[in-house]
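**Q** turn this into a structure:
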Amino acid sequence: MPRAPGHLRPETRQWWNRYAATHKLREPQLRLLTMAGEAWDRSIQARLAVEEEGLIYRDRFGQPRPRPEVAMEKEAKLLFERLLRALAQALQQEEAQLPEWLKGGLRFK
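**A** Numbers count the residues shown, from 1 in each chain. So this is what the prediction gives:
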């Protein structure tokens with residue numbers, strides 16, 4: 001069974017390993033799962049920066065501006081959701097291509 005990439009956060013590696021253990025994933029699907037984990041980790045990094053620095057900063061004219069990390073968090077969460085959707089679609093397509101008598105043998109969540 002494949003193991004989660006080491007560059008993911010420990011919590012994300014646990015999620016990756018649980019997901020991979022409960023689904024029969026091939027290489028392209030494992031890549032989608034890895035990219036989803038990376039996107040989730042990026043959203044956590046951005047969230048931590050926002051918690052530390054706040055939602056806004058003042059530009060050189062003293063005007064309030066949203067911190068770039070706010071947009072980074074939003075984009076990373078959207079990417080995570082899209083990658084999970086793509087992974088689910090890939091798994092459903094794979095099941096649809098199986099002979100009818102094999103379809104009940106795969107577990108999809």
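
**Q** and residue 72, what element?
**A** Of the helices and strands defined by DSSP states H and E, residue 72 is found in helix 68-96.

**Q** quote the end-to-end distance of stretch 55-71.
**A** Separation of the first and last residues of stretch 55-71 by C-alpha to C-alpha, to the nearest Å is 10 Å.

**Q** can you give me the helices for this structure?
**A** Using DSSP state H, the helices found in the chain span residues 10-22, 27-53, 68-96.

**Q** can you show me the CA trace of stretch 32-52 as CSV?
**A** Extracted in CSV, the C-alpha atoms of stretch 32-52 (Å, rounded to 0.1, in the frame of the first residue of the first chain):
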residue,chain,number,x,y,z
LEU,A,32,-4.9,13.9,-7.1
LEU,A,33,-4.9,12.8,-3.4
THR,A,34,-1.4,14.3,-2.9
MET,A,35,-2.3,17.6,-4.5
ALA,A,36,-5.4,17.8,-2.3
GLY,A,37,-3.3,17.2,0.7
GLU,A,38,-0.9,19.9,-0.4
ALA,A,39,-3.8,22.3,-1.0
TRP,A,40,-5.1,21.6,2.5
ASP,A,41,-1.7,22.2,4.1
ARG,A,42,-1.4,25.5,2.2
SER,A,43,-4.8,26.6,3.5
ILE,A,44,-3.6,25.8,7.1
GLN,A,45,-0.4,27.8,6.6
ALA,A,46,-2.4,30.7,5.4
ARG,A,47,-4.9,30.4,8.2
LEU,A,48,-2.0,30.4,10.8
ALA,A,49,-0.5,33.5,9.2
VAL,A,50,-3.9,35.3,9.3
GLU,A,51,-4.3,34.3,13.0
GLU,A,52,-0.9,35.7,13.8
